[in-house]
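Student: Just to be clear, the model below is a prediction. Sequence and coordinates:
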Amino acid sequence: MGRKSKYTLQQVAEWEPFLHGKPLYAVHAFIRAKGKMGQAAKLLGIRPASMSSRMDTARRMAETRGNMPEFGSVHPVPEGMRIKGISSNVDDQGMVKQSWVKLEADRDAGVKVLLDNLEQILENYKGVAGRDAPKQKKGAYDNDTMTWYPIGDHHFGMYAWAEECGEDYDTDMASRLLRQAIDKLVDSAPMSAEAALLNVGDFFHMDNTKNVTNHSGNILDVDTRWTKVIQVGVDALRYAVDRMLEKHYKVHLYNVMGNHDTHSATALSMVMAAIYEGNPRINVHVTANPFQYHQFGQCLVGMHHGDTIKRMDDYVGIMARDQAEKWGATQFRYWWLGHVHHSQRHEKPGVLIETFRTLAARDAWHASMGYGAGRDMTAIVLHKDYGEIERHTVPVQMLRGWYE
């Protein structure tokens, strides 16, 4: 005998137009099982308690998306919106004569789409890298240096047309340029025992299927489907890490949240952590904090996208506040940022702040505003006692087919 549900088939059928993702799958299973919770759970391969929880989530989602028949609201609200509240005109007998539905932007819409896709992406990649053995004996590595590979705003998924923007750019080119730049930089770098791949943000051009920026709602020029962009970006980043593991004994991966990929940056770290699960030579730093830090001997590196702090002077206080002990234990302190797409160095009291160029071309908006900077990627070598001692730069013109 199937577990009885507190919802009727008619109720649940009315929710369907208002749902997406897992709640929608739960509703489909519920209808196929003719309202029997246990059987619906079996169809989805989950426990009955989890099935009940998903049905409750489906009810709440349907309500926030417009399914409130008791208030006369039975039509889905526009995509990206949710119900903020309902005002009603009530007569002397307490009967609702008229209702007004008040809407607001659904700030979680991008997160919902992201989570719906993330489970499938993780399933494709989990543990595929496994454990690997270093190509050199541990004693062959240089323990006094750490090589950093900052990736400027790479904008996977952006589309640029040379006739309009001066240069072409698409997802395939973004992948090719990053792989070639990593090849050249790894080949030229010293055999540091430790290395770090630093994505300074905006690795992805869009954060959801709406193809607009999260905060300002600016319309984006995109090349292809969002899920494909995520997969191509993950593959390219995995290639970079694998190449670094050929040269360095230990590799750190930092993905900073950008204004274009606020949610996707965290998801990217989660996917990469799943790929290298069980591999002791790769440390994927997964965090929702927009500010990240790494100490190497007398060096302290702060990482941030650079979009929310308007005054460079403020970075001095942020690092001193967040990392008081490490501030006092280090001599060479750096902030490494993205966002502006060009190279700048600001020497402030106690900290050297630097922004990095990108390998990406300009999009139509930046081209129309007359913005432009050189395109390259850099590797920076830090000595544990002396700070930065060398750097290697690869201009985009050195890369095969950069103009195609």
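Tutor: In hand now; what should we look at?
Student: Tell me where the protein is predicted with low confidence.
Tutor: Applying pLDDT under 70 to the chain flags the ranges 1-4, 20-21, 66-131, 212-217, 365-366, 401-404.
Student: what about the helices in it?
Tutor: Using DSSP state H, the helices of the chain run over 9-15, 21-32, 37-44, 48-64, 109-125, 162-165, 171-188, 226-247, 262-275, 314-322, 324-329, 364-368.
Student: on contacts alone, who are the packing partners of the shortest one?
Tutor: Applying 3 or more CB pairs under 8 Å, 6 or more residues apart in numbering; DSSP states H and E, one finds that helix 162-165 makes contact with helix 364-368. Glycine gets a C-beta too; all of them are placed from N, C-alpha and C.
Student: which one of the helices of the chain is the most hemmed in?
Tutor: Neighbour counts (mean count of other CB atoms under 10 Å) averaged over each of the helices of the chain peak at helix 262-275, with a mean of 22.
Student: tilt between that helix and helix 226-247?
Tutor: Per axes from the mean of the first three to the mean of the last three CA atoms, to 10 degrees, the angle that helix 262-275 makes with helix 226-247 is 50 degrees.
Student: For Met377, which of the helices of the chain is the nearest?
Tutor: With CB to CB as the criterion, Met377 lies closest to helix 171-188 of the helices of the chain, at 4.2 Å.
Student: May I have that closest one exported as PDB, CA atoms only?
Tutor: Extracted in PDB, the C-alpha atoms of helix 171-188 (Å, rounded to 0.1, in the frame of the first residue of the first chain):
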ATOM      1  CA  THR A 171      34.000  29.700 -26.600                       C
ATOM      2  CA  ASP A 172      36.300  27.500 -28.800                       C
ATOM      3  CA  MET A 173      38.800  30.300 -29.100                       C
ATOM      4  CA  ALA A 174      38.700  31.000 -25.400                       C
ATOM      5  CA  SER A 175      39.600  27.300 -24.700                       C
ATOM      6  CA  ARG A 176      42.300  27.200 -27.300                       C
ATOM      7  CA  LEU A 177      44.000  30.400 -26.000                       C
ATOM      8  CA  LEU A 178      44.000  29.400 -22.400                       C
ATOM      9  CA  ARG A 179      45.500  25.900 -23.200                       C
ATOM     10  CA  GLN A 180      48.200  27.400 -25.400                       C
ATOM     11  CA  ALA A 181      49.100  30.100 -22.900                       C
ATOM     12  CA  ILE A 182      49.400  27.500 -20.000                       C
ATOM     13  CA  ASP A 183      51.600  25.300 -22.200                       C
ATOM     14  CA  LYS A 184      54.100  28.100 -22.800                       C
ATOM     15  CA  LEU A 185      54.100  29.400 -19.200                       C
ATOM     16  CA  VAL A 186      54.500  26.000 -17.600                       C
ATOM     17  CA  ASP A 187      57.300  25.200 -20.000                       C
ATOM     18  CA  SER A 188      59.100  28.400 -19.100                       C
END
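Student: Quick one: closest of the helices of the chain to Phe296.
Tutor: Comparing the helices of the chain against Phe296 with CB to CB, the closest turns out to be helix 324-329 (10.5 Å).
Student: quick one on the thing from earlier: make TSV from the helices of the chain and add distance to Val396 to it.
Tutor: As requested, the helices of the chain are arranged in TSV below (distance: least, CB to CB, whole Å):
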stretch	distance to Val396
helix 9-15	51
helix 21-32	39
helix 37-44	48
helix 48-64	45
helix 109-125	29
helix 162-165	14
helix 171-188	7
helix 226-247	16
helix 262-275	23
helix 314-322	28
helix 324-329	35
helix 364-368	16
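Student: Nearest residue to Val229 in space, ignoring adjacent ones along the chain?
Tutor: In space, and not counting its chain neighbours, Val229 is closest to Gly157: 3.7 Å by CB to CB, 6 or more residues apart in numbering.
Student: Please apply the same query to Leu399.
Tutor: In space, Leu399 is closest to Gln180, 4.4 Å off (CB to CB, 6+ apart).
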